[in-house]
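Novice: here you go, sequence then predicted model.
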Amino acid sequence: MPQNLPAAVDVAIVGGGVAGLWILHRLKRRGMTAVLIERGPFGDGQTLYSQGILHRGPKYLLRPGGDGSFPDLLSRWNECLEGRGPDRGEPDLRAVRTLSPGPWLLSRSPLAADLANRFEAATELGLVRKADPAVPGTPVHARYRFQEPVLDMASLLAALAGPYAECCRVAADPSFDLDSGSEEEPVKVTVGGQVIKARWLVLAAGEGNEALLQRLGRRNPVMVKRPLKMVCIDGENLPPTWAHALDGEIAEGREGAHFTVTSHPQGSLPFFPPSPGAWWWYVGGDFSEANLPWSMEQIREFLQPILARNFPGVDLAGTRWHLMLVNRAEPLPSDGLRRLEPFVHVDGPVVTVWPLKLVLAPLVADRVVEVVEGGA
């Protein structure tokens with residue numbers, strides 16, 4: 001990290017996850033000056049705790065009433081992953097490791113007629129492909145494969161941050177002042193004793209946005225936390241797998257609960273303890289979102305038989321299980337309906353963002369650039 005940052009910039013960004021880093025890239029490519037401030041390692045929060053799936057919408061067909069509608073940004077991501085992003089002002093993500101071309105949909109019984117019809121429509125749109133049991137590597141119980149790459153988060157963060165080390169700074173407790181700046185540069189940020197004046201302050205710190213807004217005296221937007229109980233499983237012989245599965249009962253006889261398993265290589269995520277195996281399984285889904293007062297032992301008692309049914313041949317007896325408590329930060333919707341779309345709120349020189357999903361980070365950057373350029 002650099003010892004000195006510019007004394008005056010167009011934009012100061014707080015938060016070094018994928019959204020903050022993508023915003024930084026877009027602003028720099030548009031010829032603006034910007035700095036990024038992060039309290040710890042890049043992505044130390046929602047980015048690193050994500051499962052790395054570039055959602056296109058079909059997963060939400062699995063939920064009651066879900067229609068699968070979702071912004072499809074895969075072609076834009078693919079351009080970056082293939083090295084064609086810089087031609088369009090986007091980042092070069094060729095160094096990012098793609099862990100899987102997409103999760104499988106597993107179901108031990110045929111899909112209900114309505115759900116099957118919706119997946120047929122998704123197949124015609126190219127969002128999923130039918131599983132062919134004759135193809136080597138197709139899991140037992142596989143019905144479809146989602147066309148949604150799964151990325152290694154550590155390599156994604158490194159690719160986004162690498163070109164901009166000179167304008168990033170780790171600071172555990174920066175201070176902000178919106179009153180003592182000039183009319184042209186109303187924001188004053190103090191980082192490690194250095195004062196930086198900025199025209200705009202972008203809050204992209206995920207769960208940290210709440211405390212930042214309070215320090216700035218802003219009552220809006222209001223943030224809510226969606227607590228999740230994620231499970232990490234490690235063992236010597238766990239095979240890599242990526243799948244959404246329909247199975248199980250969670251509470252009050254609820255049928256058709258779904259869960260998601262992604263695999264991550266040893267050492268790729270800092271919160272995974274050392275493991276004797278090459279891969280970790282990272283598991284979430286309905287059980288993690290149900291806010292049930294379960295201990296790790298109760299979750300394992302519930303989940304291990306379901307995993308065994310859906311992944312026959314995988315020996316889970318000697319595996320170690322770890323509970324990860326994760327808060328997903330989101331804006332409080334005015335009508336109470338949770339939406340899967342990027343959120344950008346402008347209040348004077350303060351812009352607060354939550355991408356809500358990894359795949360939506362480019363859209364957040366688009367909207368921040370529009371705000372900043374529109375107010376130039």
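Specialist: That came through, no problem.
Novice: off-centre distance for the helix or strand of the chain with the lowest mean pLDDT?
Specialist: When the helices and strands of the chain are compared on mean pLDDT, DSSP states H and E, helix 286-289 comes out lowest with a mean of 85. Centroid separation for helix 286-289 versus its chain: 17 Å, with CA atoms, centre = their mean, to the nearest Å.
Novice: contacts for whichever helix or strand comes after that helix next, please.
Specialist: Of the helices and strands lying after helix 286-289 in sequence (DSSP states H and E), the nearest is helix 296-310. For helix 296-310, contacts defined as CB atoms under 8 Å, 6 or more residues apart in numbering pick out 106, 108, 141, 229, 231, 243, 245, 247-248, 250, 259, 261, 283, 287, 294, 314, 316, 321-323. C-betas here are computed from N, CA, C, even on glycine.
Novice: state the mean pLDDT of helix 296-310.
Specialist: Averaged over helix 296-310, pLDDT sits at 92.
Novice: now for the next helix-or-strand element following that helix, which elements pack on it?
Specialist: Downstream of helix 296-310, the next assigned helix or strand under DSSP H and E is strand 320-331. Using 3 or more CB pairs under 8 Å, 6 or more residues apart in numbering; DSSP states H and E, the elements in contact with strand 320-331 are helix 46-49, strand 223-234, helix 296-310, strand 343-347, strand 350-354.
Novice: looking at these, which is closest to V128?
Specialist: Comparison of the helices and strands packed on strand 320-331 against V128 by CB to CB identifies helix 296-310 as nearest, at 18.0 Å.
Novice: next, the angle from that closest one to strand 223-234.
Specialist: 60 degrees (axes from the mean of the first three to the mean of the last three CA atoms, to 10 degrees).
Novice: in helix 296-310, what counts as buried?
Specialist: Buried residues in helix 296-310, counted by 16 or more other CB atoms under 10 Å: 299-300, 302-304, 306-307, 310.
Novice: can you pull out the strands in the stretch 51-200 of the chain?
Specialist: Remark: strands assigned in the stretch 51-200 of the chain by DSSP state E, counting those that start in this stretch are 98-100, 104-107, 128-130, 142-146, 150-151, 168-170, 175-177, 187-191, 194-203.
Novice: may I see those arranged in CSV, with distance to A211, mean neighbour count and mean pLDDT as well?
Specialist: Listed next are those as CSV, based on distance: least, CB to CB, whole Å; neighbours: other CB atoms under 10 Å; pLDDT from 0 to 100:
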stretch, distance to A211, mean neighbour count, mean pLDDT
strand 98-100, 33, 19, 97
strand 104-107, 39, 24, 94
strand 128-130, 40, 18, 95
strand 142-146, 36, 22, 95
strand 150-151, 29, 22, 97
strand 168-170, 17, 20, 90
strand 175-177, 11, 14, 88
strand 187-191, 15, 19, 91
strand 194-203, 10, 22, 94
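Novice: among those, which is nearest L363?
Specialist: Proximity to L363 (CB to CB) singles out strand 194-203 among the strands of the stretch 51-200 of the chain, at 14.6 Å.
Novice: any idea how far I23 is from P355?
Specialist: Per CB to CB, to the nearest Å, I23 is found 10 Å from P355.
Novice: what sits in contact with each of these two?
Specialist: Contacts common to I23 and P355, judged by CB under 8 Å, 6+ apart, are V364.
Novice: and those two? Which one has more around it.
Specialist: I23 (29 against 26; other CB atoms under 10 Å).
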